[in-house]
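[1] Build me a model from this:
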Amino acid sequence: MSKEFAFTIKSICFDENYHPSNNTRITTNFANLARGASRQENLRNTLQMINNRFNSLAHWDNPNADRYALELEIISVDIDVEGKGETFPTIEILKTNILDRKTNKRIDGIVGNNFSSYVRDYDFSVLLLEHNKDQATFSTPENYGELHGKIFQSFVNSETYSNNFIKAPVICLSVSTTKTYHRTANQHPILGVEYEQDAYSLTDEYFAKMGLEVRYFMPANSVAPLAFYFRGDLLNDYTDLELISTISTMESFQKIYRPEIYNANSPAGKYYQPSLKHQDYSLTRIVYDREERSQLAVKQGKFTEEQFIKRYQNILDQWAANYAVV
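    Sure thing, here's the model as predicted:
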């Protein structure tokens, strides 16, 4: 068993007053929404979308559709590789907290939801592109995603994680535009209709190395399935309100990030292939620069290569070779 790296956690509220800190990943979706002339309106409208969606799904004992409000925390995770107190920003996730206005109680939501990572930027925007630059057919490098997967699992298995969070993370992302999904007969009261596909996407395989399974569900009044990545039992380990907190948050973000899929004017059929070239969709009133985000991902991937991968190469290689996945 290799020595464990030390993780530290920082938390900041994602509300209409949110300002990205100087050391945040600038490709993160939160930072993108919180820049420019429309920043406060962007944030206010995003949070209103999330609350409206939450109340539409948590409709019981909620006649005016205003019983609940979500409070969101951006959780930044830093790693200390050498144990000398010098850290590198590793993972950024989102924690949902539910305010029940009827009882005036706060209820824990789910940790995970959104997921961003400097090492993933390196893997997808530097390593993978360079590996396929001169190849006729697409492939992944040897041991692709192994280091990132082990770092993530090390964090989730750490004392730092268990001291701060009760349940395992659930990450909710867009379905892949390279795969076709088919509707099944399985239907969950909160998650909705389950979809399946015949082969995993590159993202699915990448998250599998993080110790996460995937299932695809299209909730009531949604127009496309979402991909849920989880440990354990997604349908039984979490309460209805916890699941609703993830759906309402991440579906709202996806309507902003990928309106062609998640704000389409007609719902997914029995067989469904998502496409960002789809034209029949509506735009939200929230400004989001998708092209800028892609450009920044490359810059941050190269930063990670220099400041983390190359800098700690020997330590990381030895640690990954000896790390025993629980």
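
[2] could you dump stretch 76-94 to CSV, C-alpha only?
    Provided in CSV are the C-alpha atoms of stretch 76-94 (Å, rounded to 0.1, in the frame of the first residue of the first chain):
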residue,chain,number,x,y,z
SER,A,76,-12.6,22.8,-3.9
VAL,A,77,-10.2,19.9,-3.1
ASP,A,78,-6.4,20.5,-3.0
ILE,A,79,-3.8,17.7,-2.8
ASP,A,80,-0.4,17.8,-1.1
VAL,A,81,1.8,15.3,-2.9
GLU,A,82,5.0,15.7,-1.0
GLY,A,83,3.6,16.3,2.5
LYS,A,84,5.3,19.6,2.8
GLY,A,85,2.2,21.8,2.9
GLU,A,86,2.4,22.8,-0.8
THR,A,87,-0.9,21.9,-2.5
PHE,A,88,-2.2,21.7,-6.1
PRO,A,89,-5.9,22.3,-6.9
THR,A,90,-7.3,18.9,-7.8
ILE,A,91,-11.1,18.5,-7.9
GLU,A,92,-14.1,20.8,-7.8
ILE,A,93,-17.5,19.5,-6.9
LEU,A,94,-20.8,20.9,-5.8
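
[3] Any chance you could list what contacts it?
    Stretch 76-94 is contacted from outside by 3, 5-12, 14, 23-25, 28, 72-75, 111-119, 151-152, 155, 169, 171, 249, 307-308, 312, 315-316, using CB atoms under 8 Å, 6 or more residues apart in numbering. (Each C-beta comes from the backbone N, C-alpha and C, glycine too.)

[4] again, 6 Å this time
    The contact list for stretch 76-94 (CB atoms under 6 Å, 6 or more residues apart in numbering) reads 5-10, 28, 72, 75, 112-118, 155, 308, 312, 315.

[5] what's the answer for stretch 43-54, then?
    By CB under 6 Å, 6+ apart, the residues outside stretch 43-54 that reach it are 16, 68, 69, 70, 244, 248, 249, 252, 285, 286.

[6] now do 7 Å
    Contacts to stretch 43-54, defined as CB atoms under 7 Å, 6 or more residues apart in numbering, come from residues 15-16, 18, 33-34, 68-70, 244-245, 248-249, 251-252, 256, 285-286.

[7] among the contacts of stretch 76-94, which ones are buried?
    In those, burial by neighbour count holds for 5-7, 9, 28, 72, 75, 112-118, 155, 308, 312, counting by 16 or more other CB atoms under 10 Å.

[8] now, which of these lie within helices?
    Those of the buried ones among the contacts of stretch 76-94 mapping onto helices are 118, 155, per DSSP state H.

[9] So which of the buried ones among the contacts of stretch 76-94 belong to strands?
    Using DSSP state E, 6, 7, 9, 72, 75, 112, 113, 114, 115, 116, 117 are the members of the buried ones among the contacts of stretch 76-94 that sit in strands.

[10] which of those residues sit farthest apart?
    Farthest-apart pair in those is 6 and 72; separation 26.3 Å (CB to CB).

[11] what's the closest of the ones in strands among the buried ones among the contacts of stretch 76-94 to residue 207?
    residue 115 (8.5 Å).

[12] Not including adjacent chain positions, what is the nearest residue to residue 242?
    Spatial nearest neighbour of residue 242, excluding adjacent residues (CB to CB, 6 or more residues apart in numbering): residue 110 at 5.0 Å.
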